[in-house]
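Novice: okay, predicted coordinates and the sequence, questions at the end:
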Amino acid sequence: MASRIISRVVSLPVRSVRKPALNILSAGSRQALAFTSVRSFSITQLRGSQTETSKALATVLTGELEYETEKLESDEIDGIPDPAKNFLESSGFKIVSPPSEDSVSLEGQINGAQVVVRFVPSDIHENYNEDEYDEENIVDENGNVDPMYEQSGQPVVFTKIFITKPNAGTLAVETVVREGKFVVELVSHFDDSSVALSQSAEAENDRRLKYWGPPFNELDPRLVKLMPKYLAEFGIDDELAIFISEFAPFKENKLYIESLEKIRNFVSA
């Protein structure tokens, strides 16, 4: 509709010229001038209205920024709270991912193996969504609620673990961290460790095509019981699970604050 209105406005000066002798500019030039005039007026008016809106938006963003900043721990050191820093110093793991990324990669050399643990801070879940999971999906045939969907104050963090041994390839384990423990979901093995560890799009696609077996909790109960004990020998234990449960929401909050500040500064510019 706007284009049709502009067309009508642009065409009026052309039709109002009745004496060819005074027609110094061509019809096309007059249309361009008329359009420029109309457009310039519209932009000026729009900028005026944006100024008031931007001030209001900047005020709201500042309030949100102050609210989120208050949630940070006062004992934060180098972007990491003291408890988390203490764990990293004693566990053998170190954070190798950039602070500004929405991802965390922990690496360590433990019991002769290279261990890599990855998770995404924004991909955490406090409780299950009752609208998303109905009773038919979360309750088994015995009437027990799947532990994945039980409500709890602890966040659920989806975590990927890679254990690489010399000349033995890489064991890849997909887990869920919940209530200070790792729950194993899927396990597979990669002969080519570069495919398991690379974060390229091609490697990610190769991992999707990999056979990961049935859900781990459907396997032999002895296997389900022994696998967490085996992972613990490589530092994948309750202490690491607690660290992830606490650090993931902290890191997500830091990223949100950084994003809010950049948006507020842009709006205020």
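Specialist: Ah, there it is.
Novice: all strands for the stretch 101-250 of the chain, in order.
Specialist: Here the stretch 101-250 of the chain has its strands, by DSSP state E, counting those that start in this stretch, at 104-110, 113-125, 156-165, 169-178, 181-190.
Novice: near K254, how many other residues are there?
Specialist: 18 (other Cβ atoms under 10 Å). C-beta coordinates here come from the backbone N, C-alpha and C atoms, glycine included.
Novice: same question, G213
Specialist: Neighbours of G213 using other Cβ under 10 Å come to 11.
Novice: quick one on the thing from earlier: tabulate the strands of the stretch 101-250 of the chain (CSV), appending distance to W212 and mean pLDDT.
Specialist: Shown next, in CSV, are the strands of the stretch 101-250 of the chain (distance: least, Cβ to Cβ, whole Å; pLDDT from 0 to 100):
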stretch, distance to W212, mean pLDDT
strand 104-110, 21, 96
strand 113-125, 16, 92
strand 156-165, 12, 96
strand 169-178, 7, 95
strand 181-190, 4, 95
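Novice: in JSON lines: those, plus mean neighbour count.
Specialist: Output for those, formatted as JSON lines (neighbours: other Cβ atoms under 10 Å):
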{"stretch": "strand 104-110", "mean neighbour count": "18"}
{"stretch": "strand 113-125", "mean neighbour count": "18"}
{"stretch": "strand 156-165", "mean neighbour count": "20"}
{"stretch": "strand 169-178", "mean neighbour count": "21"}
{"stretch": "strand 181-190", "mean neighbour count": "17"}
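Novice: among the ones you listed, which comes closest to E258?
Specialist: Nearest of the strands of the stretch 101-250 of the chain to E258, taken as Cβ to Cβ: strand 113-125 at 12.0 Å.
Novice: break down the chain into its helices, ranges please.
Specialist: Assigned by DSSP state H, the helices in the chain fall at 2-16, 27-69, 82-91, 135-138, 193-197, 201-209, 221-232, 238-268.
Novice: weakest of these by average pLDDT?
Specialist: Lowest mean pLDDT of the helices of the chain: helix 2-16, a mean of 38.
Novice: give the contact list for the closest residue to V183 other than its chain neighbours.
Specialist: Spatial nearest neighbour of V183, excluding adjacent residues (Cβ to Cβ, 6 or more residues apart in numbering): V176 at 4.6 Å. By Cβ atoms under 8 Å, 6 or more residues apart in numbering, the contact list for V176 reads M148, V156, V157, F158, T159, F182, V183, E185.
Novice: measure the second one to Q199 for me?
Specialist: For V156, the distance to Q199 (Cβ to Cβ, to the nearest Å) stands at 23 Å.
Novice: same question for the last one.
Specialist: Using Cβ to Cβ, E185 is found at 20 Å from Q199.
Novice: then the third one?
Specialist: Shown here: V157 relative to Q199, a distance of 18 Å by Cβ to Cβ.
Novice: next: the fourth one.
Specialist: Computed with Cβ to Cβ, the distance linking F158 and Q199 is 16 Å.
Novice: ok, now S259?
Specialist: Distance from S259 to Q199, by Cβ to Cβ: 22 Å.
Novice: please apply the same query to K254.
Specialist: In this view, K254 and Q199 are 21 Å apart by Cβ to Cβ.
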